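Engineer: here is a sequence together with a model predicted from it:
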Amino acid sequence: MSENAITLDGRPGVDRRVKRTRDLLAEALMSLGAEGDIDALGVGDLADEAGISRSTFYQHFASKDDFLVRSFVEMLGATEAAYAAHYPQRTDILPSRPLFVHVAGAADFVRSLIRSEIYHRQMQAGEAKLRSIAEANLQRRMPQWSVEHRKEAAVFIAAGFIGLLRWWMESGMKRTPDEMQAAFRRLTESVLGS
């Protein structure tokens, strides 16, 4: 089965072995990144910690930077999928609460991440992913809006979330995830006119 295999219900999926390898690498990154300098990590370090070979790493990712950016984007997508499955009738536009909780639980890693060279590229890629998530959820929540209106709101909401997230992380995460969620909800609802 290939990386982008089709699942039994006809939807695109990821081979279990691919998912397992990527999960191991993500765990290795969180572990090693929490211990020190993300920029100093090499592919060999990540592969060793994950218990895979370097060649296996390169079957999945072109470089360490590719891994760092794609793993962040994939985490956002997985969080949205899990949140949507658990709360199918939800009214929020992004899975903001679980993302704030996740970041708070990885404080040591976050401190290392914000000092890394890849941090800004991760945030840009994450914003693009969140924009597509927001647009899909706006289509569900605000079907009366024009496509253009939904696109504009999605851009604003995704950028607002990333800006708020960065501000929170870069200022030492002094507020709780619930306080950050409340702030994001207030800002989002003002955009939605609710």
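Structural biologist: Yep, that arrived. Residues are numbered from 1 along each chain as shown.
Engineer: what about the closest residue to Gln181 other than its chain neighbours, helix or strand, and which?
Structural biologist: Closest residue to Gln181 apart from its sequence neighbours, by Cβ to Cβ, 6 or more residues apart in numbering: Arg97 at 4.8 Å. Bear in mind the C-beta positions are built from the backbone N, C-alpha and C, glycine included. Arg97 belongs to helix 96-104 when assigned by DSSP states H and E.
Engineer: what's that helix packed up against?
Structural biologist: helix 64-86, helix 147-170, helix 177-192 (3 or more Cβ pairs under 8 Å, 6 or more residues apart in numbering; DSSP states H and E).
Engineer: could you list the domains of this structure?
Structural biologist: 1-61, 63-192 (automatic domain parsing).
Engineer: please identify the most buried of the ones you listed.
Structural biologist: domain 63-192 (a mean of 16; mean count of other Cβ atoms under 10 Å).
Engineer: give me the low-pLDDT residue ranges for the chain?
Structural biologist: Applying pLDDT under 70 to the chain flags the ranges 1-14, 194.
Engineer: helix, strand or coil for the residue lying farthest from the centre of it?
Structural biologist: For the chain, the residue at maximal distance from the C-alpha centroid (Cα atoms, centre = their mean) is Gln144, at 28.4 Å. Applying DSSP: H, G, I helix; E, B strand; the rest coil to Gln144 yields a three-state assignment of coil.
Engineer: and it, how close does it get to Leu113?
Structural biologist: 39 Å (Cβ to Cβ, to the nearest Å).
Engineer: likewise for Met30?
Structural biologist: In terms of Cβ to Cβ, Met30 sits 10 Å off from Leu113.
Engineer: common neighbours of these two, please.
Structural biologist: Residues touching both Met30 and Leu113 (Cβ atoms under 8 Å, 6 or more residues apart in numbering): none.
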